[in-house]
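Novice: give me a 3D structure for the following:
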Amino acid sequence: MINLFRYALFRAFRNMKGNLFPNLTAIGIIGISLLLVSIFSLIALNFSYFLKRWEEKIGLIAYLKRETPVNEVEGVLNRIRELPGVESVKYVSPFDAMAFLENRLGEQRSILDGIQPKVLPPSVEIDLKREYRTSPQIKELISKIKKIPQIEEVQYGQEWVETFSGLNHFMHLTQWILGGLLFAAMIFIISNTLQLTISSRKDEIEVMKMMGASPTFIRIPFYIEGLIQGLLGAGVAVLLLYLLYEILLRRLTPLLKGWMSAVPILFFSGESIVTILAGGMVLGLFGSFIASMRFLR
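Specialist: Residues are numbered from 1 along each chain as shown. Okay, the predicted model is just below:
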């Protein structure tokens, strides 16, 4: 068995060396195709991570009517606390809101000179339980909060959440469609490359058949050749993707880096990289299987 594997490995490398240009072309196309799929997958991964972090910070802001008496505020807070999905509430007075604005504006706080805190409405910051941070449940909760007489308006950034969620679904859908098309193209390329190799060795294969070599004995070197093509192509894709990832991180402006410091740009985990490499090998094996079935019956 070991001798058979050594022989098959030797013949596979000899076949690839004898047909160097077609094999390099196949490896390059496999690498580019997997790179495109991996780029979309990496973007989808970061979108999903960003959306998850965003959803973790989703909260509601309920603005009270300006004429709401101070002695009614605690009652409003208690009514909101009793609603399903509410984890905590915090009352923000106009003075607290003004202090927050001044802190966020920093050196530009002078633009608030002459503005009285009373122009800002009092509000209630509402933190939600994790299982209630979906759009339908948030909308249901908002409808209940709006029924409280002292509440004038409720905001939670609905448009941002739905936009990012839609983009996330679009990226995943594009990833699967593009991946399917490119995988089919890669199988076609691998099988045709191996068909050229098999055709160039047609006479040698006929001699081996006449000497009693079994179809499996003849096919194994081509299977290994497909595996090697897929592995090298996937390796090229991962290497190029990592270089692009590093260049992107280094070229980001300081402003963008500061804005994204709380949400890091992710790269594939070790398990994902192994999956990409294994996927390339499976594609290579499948392509070689198709080629051998067509010419080595």
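Novice: tell me the helices and strands packed up against the helix or strand harbouring residue 221.
Specialist: Under the criterion of DSSP states H and E, residue 221 resides in helix 215-251. Under the contact definition 3 or more CB pairs under 8 Å, 6 or more residues apart in numbering; DSSP states H and E, helix 215-251 sits against helix 2-18, helix 20-56, helix 158-200, helix 202-210, helix 270-295. Where C-beta positions appear, they are placed from N, C-alpha and C, glycine not excepted.
Novice: okay, now the domains of this structure?
Specialist: What automatic domain parsing lists as the domains of the chain is 2-54+161-295, 59-156.
Novice: export the ones you listed as TSV, with columns for mean pLDDT and mean neighbour count.
Specialist: Converted to TSV, these look like this (pLDDT from 0 to 100; neighbours: other CB atoms under 10 Å):
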stretch	mean pLDDT	mean neighbour count
domain 2-54+161-295	75	17
domain 59-156	78	14
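Novice: ok, back up a step: what angle separates the helix holding residue 221 from helix 20-56?
Specialist: 50 degrees (axes from the mean of the first three to the mean of the last three CA atoms, to 10 degrees).
Novice: tell me which of the helices and strands packed on helix 215-251 lies nearest to residue 88.
Specialist: Residue 88 sits nearest to helix 20-56 of all the helices and strands packed on helix 215-251, at 14.4 Å, using CB to CB.
Novice: starting at the chain centroid, how far to that closest one?
Specialist: Distance, stretch centre to chain centre, for helix 20-56: 9 Å (CA atoms, centre = their mean, to the nearest Å).
Novice: cool, stretch 60-74 as well?
Specialist: The answer for stretch 60-74 is 42 Å, by CA atoms, centre = their mean.
Novice: make 46 the starting number, not 1.
Specialist: Yes, from this point I'll number from 46; that puts the last item at stretch 105-119.
Novice: residues contacting it, please?
Specialist: 121, 125, 136, 166-171, 173, 183, 186-187, 190, 195-201 (CB atoms under 8 Å, 6 or more residues apart in numbering).
Novice: try 7 Å this time
Specialist: Outside stretch 105-119, the residues within contact range by CB atoms under 7 Å, 6 or more residues apart in numbering are 121, 136, 166-171, 187, 190, 195-201.
Novice: what of stretch 273-287?
Specialist: Outside stretch 273-287, the residues touching it (CB under 7 Å, 6+ apart) are 57, 61, 68, 71-72, 75-76, 79-80, 83-84, 87, 235, 312, 318, 321-322, 324-330.
Novice: try it again with 6 Å
Specialist: 71-72, 75-76, 79-80, 83, 235, 318, 321-322, 325-326, 328-329 (CB atoms under 6 Å, 6 or more residues apart in numbering).
Novice: kindly report the same for stretch 170-183.
Specialist: 100, 103, 104, 105, 106, 130, 131, 132, 133, 134, 135, 137.
Novice: quick check, nearest of those to residue 262?
Specialist: For the contacts of stretch 170-183, the nearest to residue 262 is residue 100 (56.7 Å; CB to CB).
Novice: quick check, pLDDT for the closest one.
Specialist: pLDDT recorded at residue 100 is 66.
Novice: likewise for residue 103?
Specialist: 70.
Novice: let me see the contact set for it.
Specialist: Counted by CB under 6 Å, 6+ apart, residue 103 has contacts residue 178.
Novice: also residue 78?
Specialist: 227, 231.
Novice: can you do 7 Å?
Specialist: So residue 78 contacts 227, 230, 231 (CB under 7 Å, 6+ apart).
Novice: swap in residue 135?
Specialist: 169, 170.
Novice: residue 190 too?
Specialist: Going by CB under 7 Å, 6+ apart, residue 190 touches 107, 125, 128, 196, 199.
Novice: the last one: which element?
Specialist: Under the criterion DSSP H and E, the helix or strand holding residue 199 is strand 196-200.
Novice: so what touches that strand?
Specialist: 105, 106, 107, 108, 109, 110, 187, 190, 191.
Novice: that'll do, ta.
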